[in-house]
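> have a look; sequence and predicted model below, questions after that.
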Amino acid sequence: MDWVTDWVERKKMFGSIRLIFTVMIISSLAGAGVYVMKLRADNATLKANQIKLEQAVDSQQKVIEQQKKDFEDIMKANKEINQLVNTLKKEFNDLDQRLTRKTET
C-alpha cells in the first residue's frame with residue numbers, strides 16, 4: 001500500500017505543479033491580450049495625432065506661401081514708390097533750376 005500512497009502523493013504534487021503552470025500560462029495570455037489592446041489604442045492615438053500634424057503643416061505651408069506673395073507685393077510697391085520719389089526729386093530739381101534762372105535774370 002505504500003506504493004499507492006506514494007503514487008497519490010506524487011499525483012497531488014504534479015497536479016499542483018500543473019495547476020501553477022496552467023495559471024501562469026493563462027495569466028501570460030491575459031497579459032499579452034491587454035498589452036495588444038493597449039498597443040492598438042496607442043496606435044489609434046498616434047494616427048489621430050499624425051493627421052493633426054499633417055493638417056498643421058499644410059496650414060503653415062499656405063501661410064508661408066501667402067507671406068512670400070505679400071513680401072513680393074510689398075517689394076514691388078516699394079520699387080514703384082522709389083521710382084516715383086526719384087521722378088519727383090528730378091522734377092523738383094528741374095523746377096528749382098528754372099526758378100533760380102528766372103530770379104537771376
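Yep, that arrived.

> okay, now the unreliable bits of the protein?
Where the chain drops to pLDDT under 70, the residues are 1, 3-4, 7-8, 104-105.

> what about the helices in it?
Here the chain has its helices, by DSSP state H, at 2-104.

> dead centre of it: give me the residue that sits there.
Closest to where the C-alpha atoms of the chain average out (C-alpha atoms, centre = their mean) is Leu53, at 3.6 Å.

> roughly how far does it sit from Val63?
Using C-beta to C-beta, to the nearest Å, we find Leu53 at a distance of 15 Å from Val63. Yep, even glycine has a C-beta here, placed from its N, CA and C like the rest.

> Ala30 now?
50 Å.

> same thing with Asn49?
From Asn49 over to Val63 (counting by C-beta to C-beta), the distance is 21 Å.

> same check on Arg10?
78 Å.

> what's the answer for Met24, then?
Distance from Met24 to Val63, by C-beta to C-beta: 57 Å.

> please apply the same query to Ile81.
Applying C-beta to C-beta to Ile81 and Val63 gives a distance of 26 Å.

> please apply the same query to Asp42.
31 Å.

> cool, Lys69 as well?
11 Å.

> how about Gln55?
Counting by C-beta to C-beta, the gap from Gln55 to Val63 is 13 Å.

> before we move on, what about Phe92?
Distance, Phe92 to Val63, by C-beta to C-beta: 42 Å.

> again, but for Asp2
For Asp2 relative to Val63 (C-beta to C-beta), the value is 90 Å.

> ok, the two, which is more surrounded?
Counted by other C-beta atoms under 10 Å, Asp2 and Val63 do not tie: Val63 has more neighbours, with 10 against 6.

> go ahead and name everything in contact with stretch 78-92.
Applying C-beta atoms under 8 Å, 6 or more residues apart in numbering, stretch 78-92 has no contact partners.

> and that stretch, what's buried?
Neighbour-count burial for stretch 78-92, counted by 16 or more other C-beta atoms under 10 Å, picks out no residue.

> and that stretch, C-alpha only, in CSV?
Taking Å, rounded to 0.1, in the frame of the first residue of the first chain, the C-alpha atoms of stretch 78-92 are listed here in CSV:
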residue,chain,number,x,y,z
ASN,A,78,8.3,99.8,-52.7
LYS,A,79,10.1,99.8,-56.0
GLU,A,80,7.3,101.8,-57.6
ILE,A,81,7.3,104.3,-54.7
ASN,A,82,11.1,104.7,-55.0
GLN,A,83,10.7,105.3,-58.8
LEU,A,84,8.0,107.9,-58.1
VAL,A,85,10.2,109.6,-55.4
ASN,A,86,13.2,109.7,-57.8
THR,A,87,10.9,111.2,-60.5
LEU,A,88,9.6,113.8,-58.1
LYS,A,89,13.1,114.7,-57.0
LYS,A,90,14.2,115.1,-60.6
GLU,A,91,11.2,117.3,-61.4
PHE,A,92,11.7,119.3,-58.2
